[in-house]
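[1] Predicted structure and sequence below. I'll ask about it afterward.
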Amino acid sequence: MEKRAILAAMLMAGLLIAYQALFTPPAPEAPPPAKTTQAPAPAAPAPVAGVPPVPPPTAAPAPVVPERSATIDTPLYRAVVSSGGGAFREWLLHYRGDKPLVVPGLSGPEGLVVERANTPAAPVAFQLSTDKVALARGGGTAELQLVGEDGYGLRITRTLTFHGDNYRIDESIRVENKHAVPQSADLVLAWTAPVEWPKDQPEKFQGQHATRIVGRAAGAVRREDLAHAAPKVTDGEWIGVESEWYVAAFVPRTPGMKLLEAKASPPSGPAVIRVGLRAPLPPLAPGQVWEGKAQHYVGPKEYERLKALGVGLEQSIYFGGFPLPQHYGGLPMEWVVVPVLWLMHWFYKFTGNYGIAIILLTVIFKVLFFPLTVKSMKSMKAMQAIQPQVNALRAKYKSEPQKVQQETMELYRKHGVNPLGGCLPMIVQIPIFYALYVALAVSVELQNAPFLCVGRLFGMDLWICDLAAQDPTYVLPLLMGVTMFIQQKMTPVMGDPRQAKMMLFMPVVFTFMFLNLPSGLVLYWTLSNVLQIAQQYYMNQEGKEGKEGKSEKAPARAAKKA
């Protein structure tokens, strides 16, 4: 058997050698090298369901690019762009003082990153077209071009266009596949921020620490605390991170770009979130090009500047809402707050002082609503006059609630008193004054805006040098409490006297609440109390004169009857 097996193997080997020698043609010679010119690459094939993704090409070392940076100087900010990913290592706002929104190693953009499955992601090393960009006051634009390769044959060109009169950056991205095989990847532009700001590194200005993620998709705005961030990639109009007065936002301008939100908890250091744009590249054939556009906004939440972008970024300013009765939904405070903001800025143009602008706003609204206030006060005084009779009815029919209600309504009709007369005029005014309150709370223009600043002593401002900060001397909150107490004492008492005594305790509570609120808000509230006191004094004097006139006419009528 063994001899037969060896013989069979030898016969099979012989047949195989004879077949290759007689029937297999010789290998063709290698063709001559191709010319440097290349025909246009075919269009990228559309993705087909069930077809596996294009495998990543073999890595090749990316060109070594020396570390460089470019400085961008404009009247509104100073920025430094690094060749490592094209990240902004500095973004210093020239806005009511110098305010650094980017803190290296803690908060800021990470630059352009190319991501592939099962491949470590890293920022692309770029060559910069210049090391300095300068824009003068009055507008104009300037460009900075960044060119680099990712190590897998993708040649990426970023063109950043800066504007001298706003905080917007227009970005164009061009990706060319220089590899010999098709490939695909994802481009990511993101801003990183710590969930918890380090306690050993205090904020250099109010609002430096971003506290929320804000974005808009399908016309609806979503806000979320950084601690609640969850990994997601969605369609939408824009996304960013915000504090109360500042926002860093990304706006996709090419179909297919997604909004990115992610959270990471490194072994050492605080948890961080990434918010930005993800651009999935289609499969690119050798020599094929993909182009995309995006916008960035890094700056204060000024309503008109944000609205000028035309993507609804002004909705990053949270105005709140005013509740209405059931079945009527709510009143969007933006409808009321935006005109109030416009009027305040208009006054500022003429006065040059936001404190005076706040005073003028408060006075104008008090004057406009004075007729309603008078009507409300008269109704309250009428209710106060018949209150003893109402109390007597309650004591007489204390076991018959329905009888009390009927007799009370009859008493109101007899004296021509409307129990809602004191409330309805005030209800009309509340949304307006609440809108003024909100306008002052969200207005970034009040930062470092002085009112009556007389200097500094021992490192402390002497009275109000920043309307967005608390009064360091606490004089204004105490004045607010005193004026509120006087107003409560002068207001007609209705209902249970014990409740009136409880209301006198409210000024104390409000004083403690207002101690740490922005001075602009406390100024508005204090002046509103002063004007209310003046109106109440006017009504009280008018009431005294009316009583004196009636008392003088009574003897005359009695003499005529006699």
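    Cool, the structure landed. Numbers count the residues shown, from 1 in each chain.

[2] Chain neighbours aside, what residue packs nearest to residue 276?
    The shortest distance from residue 276 to any non-neighbouring residue, by CB to CB, 6 or more residues apart in numbering, is to residue 190 (3.3 Å). For every residue, glycine as well, the C-beta is placed using N, CA and C.

[3] cool, residue 479 as well?
    Distances taken as CB to CB, 6+ apart put residue 526 closest to residue 479, at 5.4 Å, once the chain neighbours are dropped.

[4] How many residues are close by residue 77?
    The number of residues packed near residue 77 is 20, by other CB atoms under 10 Å.

[5] likewise residue 353?
    Other residues close to residue 353 by other CB under 10 Å number 16.

[6] picking that back up, correct me if wrong: the residue nearest to residue 479 contacts residue 480.
    Yes: assessed by CB atoms under 8 Å, residue 526 is found in contact with residue 480 at 4.2 Å.

[7] On the three-state scheme, residue 160 is what?
    On the three-state scheme (DSSP: H, G, I helix; E, B strand; the rest coil), residue 160 is labelled strand.

[8] residues contacting it?
    By CB atoms under 8 Å, 6 or more residues apart in numbering, the contact list for residue 160 reads 81, 86, 143, 144, 145, 146, 169, 170, 171.

[9] Walking through the stretch 201-350 of the chain, point out its strands one by one.
    Remark: strands assigned in the stretch 201-350 of the chain by DSSP state E, counting those that start in this stretch are 212-217, 220-225, 232-234, 238-242, 246-252, 258-264, 272-280, 289-300, 321-323, 330-332.

[10] Of the ones you listed, give the one that comes closest to residue 507.
    Nearest to residue 507, of all these, is strand 321-323, at 24.7 Å by CB to CB.

[11] Name the nearest residue to residue 439, sequence neighbours excluded.
    residue 340 (4.4 Å).

[12] what's the neighbour count on the one you found?
    Residue 340: 21 neighbours (other CB under 10 Å).

[13] so it makes contact with residue 441?
    No: Residue 340 sits out of contact with residue 441 when judged by CB under 8 Å, with a separation of 11.5 Å.

[14] Below-threshold pLDDT in the stretch 251-400 of the chain: ranges please.
    267, 321-331 (pLDDT under 70).

[15] same deal with the stretch 451-562 of the chain?
    456-461, 492-501, 543-562.

[16] Now do the strands in it.
    452-457, 460-464.

[17] Repeat that for the stretch 1-150 of the chain.
    All strands of the stretch 1-150 of the chain, identified by DSSP E, counting those that start in this stretch, fall at 69-73, 77-82, 88-94, 98-100, 108-116, 119-123, 125-128, 132-134, 141-149.

[18] Residue 400 is nearest to which of the strands of the stretch 201-350 of the chain?
    The nearest among the strands of the stretch 201-350 of the chain, by CB to CB, is strand 321-323 at 35.7 Å.

[19] Break this structure down into its structural domains.
    69-198+208-316, 322-549 (automatic domain parsing).

[20] Check the ones you listed for me and report the most buried one.
    Ranked by mean neighbour count, these are led by domain 69-198+208-316 with a mean of 18 (mean count of other CB atoms under 10 Å).

[21] Next, the distance between the ends of that one.
    End-to-end span of domain 69-198+208-316 (CA to CA, to the nearest Å): 31 Å.

[22] what helix or strand is the residue nearest to residue 276 on?
    In the assignment (DSSP states H and E), residue 190 maps to strand 186-194.

[23] Alpha carbons of stretch 358-365, as PDB, please.
    The C-alpha trace of stretch 358-365 is given here as PDB (Å, rounded to 0.1, in the frame of the first residue of the first chain):
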ATOM      1  CA  ILE A 358     -32.700 101.400  33.600                       C
ATOM      2  CA  ILE A 359     -34.100 104.400  35.500                       C
ATOM      3  CA  LEU A 360     -35.700 105.800  32.400                       C
ATOM      4  CA  LEU A 361     -37.200 102.500  31.500                       C
ATOM      5  CA  THR A 362     -38.700 102.000  35.000                       C
ATOM      6  CA  VAL A 363     -40.100 105.600  35.000                       C
ATOM      7  CA  ILE A 364     -41.700 105.300  31.500                       C
ATOM      8  CA  PHE A 365     -43.400 102.000  32.300                       C
END
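
[24] distance between that stretch and the chain's centre?
    27 Å (CA atoms, centre = their mean, to the nearest Å).

[25] now stretch 377-389
    47 Å.

[26] pretty sure residue 462 contacts residue 473?
    Yes: the pair residue 462 / residue 473 is scored as a contact, 7.4 Å apart, by CB under 8 Å.

[27] Now do the contacts for residue 314.
    303, 306, 307 are the contacts of residue 314 under CB under 8 Å, 6+ apart.

[28] coming back round to it: would a markdown table of the strands of the stretch 201-350 of the chain with distance to residue 93 be doable?
    Formatted as a markdown table, the strands of the stretch 201-350 of the chain follow (distance: least, CB to CB, whole Å):
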| stretch | distance to residue 93 |
| --- | --- |
| strand 212-217 | 19 |
| strand 220-225 | 23 |
| strand 232-234 | 29 |
| strand 238-242 | 14 |
| strand 246-252 | 8 |
| strand 258-264 | 25 |
| strand 272-280 | 19 |
| strand 289-300 | 6 |
| strand 321-323 | 30 |
| strand 330-332 | 29 |
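
[29] Ok, which of those strands comes nearest residue 204?
    strand 246-252 (12.3 Å).

[30] what's that closest one in contact with?
    Strand 246-252 is contacted from outside by 93, 99, 101, 109, 189, 191, 207-208, 210, 214, 236-242, 258-259, 275-277, 279, 294-301, 306, 309, 311, 313, 316, 444, using CB under 8 Å, 6+ apart.

[31] rerun at 7 Å
    101, 189, 191, 207, 214, 238-241, 276-277, 294-301, 309, 311, 313, 316 (CB atoms under 7 Å, 6 or more residues apart in numbering).

[32] okay but residue 372 is in contact with residue 428, surely?
    Yes: counting by CB atoms under 7 Å, residue 428 is a contact partner of residue 372 at 6.1 Å.

[33] so who does the nearest residue to residue 520 once chain neighbours are set aside touch?
    Using CB to CB, 6+ apart and skipping residues adjacent in sequence, the residue nearest residue 520 is residue 467, 3.8 Å away. Residues near residue 467 by CB under 7 Å, 6+ apart: 354, 355, 446, 449, 451, 518, 519, 520.

[34] Okay, and which of those residues map to helices?
    354, 355, 519, 520 (DSSP state H).

[35] export those residues to TSV and tack on distance to residue 348?
    What follows is the ones in helices among the contacts of residue 467, written out as TSV (distance: CB to CB, whole Å):
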residue	distance to residue 348
354	6
355	10
519	16
520	12
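
[36] tell me which of the residues you listed is nearest to residue 416?
    The nearest one, if we look at the ones in helices among the contacts of residue 467 relative to residue 416 and count by CB to CB, is residue 520, at 42.7 Å.

[37] Contacts only, for that closest one.
    354, 358, 440, 446, 467, 468.

[38] Redo these as JSON lines? Include distance to residue 400.
    Listed next are these as JSON lines, based on distance: CB to CB, whole Å:
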{"residue": "354", "distance to residue 400": "59"}
{"residue": "358", "distance to residue 400": "53"}
{"residue": "440", "distance to residue 400": "50"}
{"residue": "446", "distance to residue 400": "57"}
{"residue": "467", "distance to residue 400": "57"}
{"residue": "468", "distance to residue 400": "57"}
